[in-house]
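Undergrad: Next comes the sequence, and after it the predicted model I'd like to discuss.
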Amino acid sequence: MTRAYTRPMPPQHLWEPGLGFARAAHLEEFVRAEFLTRGGLFFDAEHGHLSGASVGFLWASSAHVDKGSTKAGIAQLIRQGEPRKWTVAARAVWLQGMFGPALPTFLITLSAPVWARYDDRQAFALVDHELCHCAVAKDEYGAPRFSDGTGQPVWCTRPHDHEGFVGTVDRWGAGAAGAAPLVSAALRAPRFAWVPGSHLDVYKACGT
Ligand SMILES: [Zn+2]
């Protein structure tokens, strides 16, 4: 299913590298409607649990460098409740300046200069990837965990599904590298192949 859409863009003063941050309110609305709501252009059941979470987005004009490479986005869980460290409290105050007193469950920060030069396909692949990091904690049997106190899901960030060596797959097969689900997904045509743009190595772009 396709229909016209307009990709939200950061304010232009953040397109050049600097020290600015801004709430990406348009992008939040777009992601809620198109990624997290059934019937949205990029909805996938994998993100269905996030209908009960709030996901805040920030644009950043400064670089986020990790292990020598500049990243395009990161996803973080915002700790709720009374801060017990000044650094945490200071960050909460800073975030409240942008989001108001109720902070989002998850915060996804995106590089505005990188987003501005990405095409749609790269940008949406990045958003989808960062949403994959926003998860519900599982118990030892793999069932979603809920808080005893509030009954709400216990939120967590989830690591990448796969980290491995191409050489292991080459010499011993995808199963030996724990990459069989990844390989079988890769053999199917991407669902969102209709989105114009080029391929993004999202694992390199992600700093989570
Ligand atoms: Zn990632």
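TA: Ah, there it is.
Undergrad: so Trp59 sits in a strand?
TA: Yes - Trp59 forms part of a strand when assessed by DSSP: H, G, I helix; E, B strand; the rest coil.
Undergrad: That one and Gly18 touch, don't they?
TA: No - using CB atoms under 8 Å, Trp59 is not in contact with Gly18; the gap is 11.2 Å. Every C-beta, even on glycine, is put in place using the N, C-alpha and C of the backbone.
Undergrad: out of those two, which sits in the more crowded spot?
TA: Trp59 (23 against 13; other CB atoms under 10 Å).
Undergrad: Check the more buried one and give its pLDDT.
TA: Per-residue confidence (pLDDT) for Trp59: 98.
Undergrad: so how far is the first residue of stretch 182-202 from its last?
TA: Its start and end residues considered, stretch 182-202 measures 14 Å (CA to CA, to the nearest Å).
Undergrad: Would you indicate which residues of that stretch are buried?
TA: Val195, Leu200, Val202 (16 or more other CB atoms under 10 Å).
Undergrad: need the contact list for the second one.
TA: Meaning Leu200. Tyr118, Arg121, Gln122, Ala125, Leu126 (CB atoms under 8 Å, 6 or more residues apart in numbering).
Undergrad: how many neighbours does the closest residue to the ion within the chain have?
TA: Taking CB to the ion, the ion has its nearest neighbour within the chain at Cys206, 3.1 Å off. A count of nearby residues for Cys206, using other CB under 10 Å, gives 20.
Undergrad: can you tell me the helix or strand for the residue of the chain most remote from its centre?
TA: Distance from the centre of the chain peaks at Arg171, with 32.7 Å (CA atoms, centre = their mean). Assessed by DSSP states H and E, Arg171 sits inside helix 166-172.
Undergrad: counting contacts, what elements does that helix pack onto?
TA: Contact partners of helix 166-172 among helices and strands, from 3 or more CB pairs under 8 Å, 6 or more residues apart in numbering; DSSP states H and E: none.
Undergrad: Okay, now the unreliable bits of the chain?
TA: 1 (pLDDT under 70).
Undergrad: residues from it in reach of the ion?
TA: Residues of the chain lying close to the ion (CB under 5 Å from the ion) are Cys206, Thr208.
Undergrad: Show me the helices in the chain, by range?
TA: Applying DSSP state H to the chain gives helices spanning 25-34, 86-99, 112-117, 120-132, 166-172, 180-186, 202-205.
Undergrad: Which neighbouring elements make contact with the third one?
TA: This points to helix 112-117. Using 3+ CB pairs under 8 Å, 6+ apart: helix 112-117 touches strand 55-60.
Undergrad: So what angle separates the directions of the strand it packs on and helix 25-34?
TA: Calculated by axes from the mean of the first three to the mean of the last three CA atoms, to 10 degrees, strand 55-60 forms an angle of 140 degrees with helix 25-34.
Undergrad: and strand 55-60, how far out from the chain's middle?
TA: 10 Å (CA atoms, centre = their mean, to the nearest Å).
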